[in-house]
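Q: coordinates for the following, if possible.
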Amino acid sequence: MKKILISLILIFANLLLFSIDDFMLIGSIYFYFCSLFLGIEILIFKKFEVIHVWMAAFMFIILSEVFTYTPSTIDTNYPDALRYLITSNNLVLIGYISGLSNILYPELKITSSNSKFSTSKLIPFLFIILISFYVGFKIKNAILTFSLGRNVIGTGTNDSFILGSIINALGYVLPAIIAYYYIILKEESFRKAFILSAPIFLILFMNGTRFPLLFAVLGFVLVAQSKNNKKEKSNSLFFIGSVVIALFLLTTVMKHIRSSTTRDTDIVFVESYSSFSSFPAYASSFMSPEGVVDMTSLLFKYFDTNEFKYGSSSSFILYFWVPRSVWEDKPTMLGYWLIREFRSGYSDGHSSSFGFTGDFYADFGYFSYIPIFFIGTFLRWFEDYRIRAIKENSFSIVVASMLLPYCFFFVRSPITSTMNFIAILLFYSIFKKILFSVKK
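A: Numbering: from 1, shown residues only. Okay, here's the model as predicted:
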């Protein structure tokens, strides 16, 4: 009954938003709704689930964009784009609470409780070798970015895309594996695991990209605190909240110094409230709008006069690994080609974020609501897996913890985040073989 009531409230609220044409008002109403939802769920009911990470990401990445515009800069397609994004987010939430994940998907396996971990003294050396390899691969670009600014040297290198993706994934998941090995398995101090992982965190900070740092640090922290998760939920939420605040301060510094145009100016952590027209506008100044509303409006313009892709855009995830040297005519990602249909002046490596709806809309238009609904059922499936992994203190906690930053990043760039997560699963499987053996 509760699920039906929540779904009806979401549908009614959505219909109300469709009767409003004021772009800022639509954004403000939904901002307060998301804030109320997260406040009640986390602060009152002491919940912390995948869907809360998703809703926070929607506010942080998409909804915050609304308040960066002035009336003179609002495109005529923006209200429709925002309503489409909000409707899609509501469908994800309805899919999450629907209970269909138990019917549609099999129960994901977690590491067997009959497993014992390896006592080999070589494992710490393996960690050191992999960290050294990662640092050696990344250090040159990190130093250049930190010293000159990311806008001067660009965001990428000439390294192989596949190799770069694998190395990136190693940096995301290795701290979580180290945390599990030292804190959960060997029951040693948090300090040892952190010191060993610190070179990876430092490289990610110097590279000046916030989302990779989020992947690595949150994975590490969620594994580290999972040992105490069953003892005191309030303490766990406080710990996670403290880390989120620390990450915010750290990424504010990162954002400031990564550009040669701002690094010599004063860092401002908190703006004056009087400088903003409303609370949502003020709160959004702490967030990271990625231009998804703007890009969605371009989608609407383009497909008003062009045919949809009928699956070819979303299916990029199936063949992204094929080198362009082998397949010269391999399609490019939506975020690369569509912006060049309307605008110019982009570097060869630049692409834009179309959010979790972009490829689905490019393929199916408003019929994209159907697959978007099922994103919510997948999130519920992931959450059930995460709960069981924590209860069992299983090595599966590593994957379960990486699911949270994966879902956060998915809101911004679903294909890119899924590429990274596939590589993370590869390293997870390798370390599972190394660290565990099944008792006969």
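Q: how close does residue 83 get to residue 178?
A: 44 Å (C-beta to C-beta, to the nearest Å). The C-beta positions use only the backbone N, C-alpha and C, and glycine is treated the same way.
Q: these two: who's more crowded?
A: residue 178 (27 against 18; other C-beta atoms under 10 Å).
Q: tell me the secondary structure for that one?
A: helix (DSSP: H, G, I helix; E, B strand; the rest coil).
Q: what about it, distance to residue 20?
A: 49 Å.
Q: ok, residue 27 - contacts?
A: 63, 66, 67, 82, 280 (C-beta atoms under 8 Å, 6 or more residues apart in numbering).
Q: by neighbour count, which of those wins?
A: Busiest of the contacts of residue 27 [other C-beta under 10 Å] is residue 63, holding 30 neighbours.
Q: my read: it touches residue 32, true?
A: No - the pair residue 63 / residue 32 is not scored as a contact, 10.6 Å apart, by C-beta atoms under 8 Å.
Q: which residues in the stretch 151-300 of the chain form helices?
A: 161-179, 190-207, 210-226, 233-257, 279-284, 292-305 (DSSP state H, counting those that start in this stretch).
Q: need these in a markdown table (columns: mean pLDDT).
A: Listed next are the helices of the stretch 151-300 of the chain as a markdown table, based on pLDDT from 0 to 100:
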| stretch | mean pLDDT |
| --- | --- |
| helix 161-179 | 88 |
| helix 190-207 | 92 |
| helix 210-226 | 87 |
| helix 233-257 | 66 |
| helix 279-284 | 92 |
| helix 292-305 | 96 |
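Q: export these to CSV and tack on distance to residue 359?
A: Below are these laid out as CSV (distance: least, C-beta to C-beta, whole Å):
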stretch, distance to residue 359
helix 161-179, 18
helix 190-207, 26
helix 210-226, 18
helix 233-257, 27
helix 279-284, 26
helix 292-305, 10
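Q: packed most tightly, which of these would that be?
A: helix 210-226 (a mean of 24; mean count of other C-beta atoms under 10 Å).
Q: quick one, that helix and helix 161-179 angle?
A: 30 degrees (axes from the mean of the first three to the mean of the last three C-alpha atoms, to 10 degrees).
Q: so how far is helix 210-226 from its chain's centroid?
A: Counting by C-alpha atoms, centre = their mean, to the nearest Å, helix 210-226 is centred 11 Å from the centre of its parent chain.
Q: which secondary element of this protein has the worst mean pLDDT?
A: Ranked by mean pLDDT, DSSP states H and E, the weakest helix or strand in the chain is helix 150-153, scoring a mean of 56.
Q: now residue 99, nearest residue through space, not along the chain?
A: residue 3 (6.7 Å; C-beta to C-beta, 6 or more residues apart in numbering).
Q: which of the three states applies to that neighbour?
A: Three-state assignment for residue 3 (three-state DSSP): helix.
Q: in the helix or strand harbouring residue 14, what counts as buried?
A: In this assignment (DSSP states H and E), residue 14 forms part of helix 2-18. Using 16 or more other C-beta atoms under 10 Å as the test for burial, helix 2-18 gives 7, 10, 14, 17.
Q: assumed residue 93 was part of a helix.
A: Yes - assignment of residue 93 by three-state DSSP places it within a helix.
Q: about what we covered before: can you name the two of the buried residues of helix 2-18 that sit furthest apart?
A: Pairwise distances among these were taken by C-beta to C-beta; the largest, 15.8 Å, belongs to 7 and 17.
Q: go ahead and confirm residue 200 touches residue 175.
A: Yes - here residue 200 reaches residue 175: they are 5.7 Å apart, a contact under C-beta under 8 Å.
Q: low-confidence ranges, this protein, go.
A: 1-2, 111-119, 149-161, 228-241, 243-244, 247-248, 251-270, 437-440 (pLDDT under 70).
Q: what about the strands in it?
A: Here the chain has its strands, by DSSP state E, at 115-117, 436-438.
Q: rewinding a little: what about the helix holding residue 14, distance to the chain center?
A: Worked out by C-alpha atoms, centre = their mean, helix 2-18 lies 26 Å from the chain centre.
Q: the nearest residue to residue 370 once chain neighbours are set aside: neighbour count?
A: Once flanking residues are discounted, residue 370 sits nearest to residue 364: 7.6 Å by C-beta to C-beta, 6+ apart. Residues near residue 364, counting by other C-beta under 10 Å, number 19.
Q: was I right about residue 364 contacting residue 307?
A: No - the criterion here is C-beta under 8 Å, and residue 364 misses it with residue 307 at 11.4 Å.
Q: tell me, what's touching residue 200 and residue 175 both at once?
A: What both residue 200 and residue 175 touch, as defined by C-beta under 8 Å, 6+ apart, is the set residue 216.
Q: OK, contacts around residue 365?
A: 303, 308.
Q: check residue 227 too.
A: Taking C-beta under 8 Å, 6+ apart, we find residue 227 in contact with 183, 184, 393.
Q: against residue 142, how distant is the closest residue to residue 213 other than its chain neighbours?
A: Counting by C-beta to C-beta, 6+ apart, residue 204 is the residue found nearest to residue 213 once chain neighbours are left out, at 4.3 Å. Using C-beta to C-beta, we find residue 204 at a distance of 8 Å from residue 142.
Q: same check on residue 70?
A: In terms of C-beta to C-beta, residue 70 sits 37 Å off from residue 142.
Q: please apply the same query to residue 24.
A: In terms of C-beta to C-beta, residue 24 sits 39 Å off from residue 142.
Q: do the same with residue 26
A: 41 Å.
Q: among these two, which residue is more densely surrounded?
A: residue 26 (21 against 18).
Q: now residue 403: closest residue in space that isn't a chain neighbour?
A: residue 382 (5.0 Å).
Q: show me what contacts that neighbour?
A: Applying C-beta under 8 Å, 6+ apart, we find residue 382 in contact with 50, 400, 403, 407.
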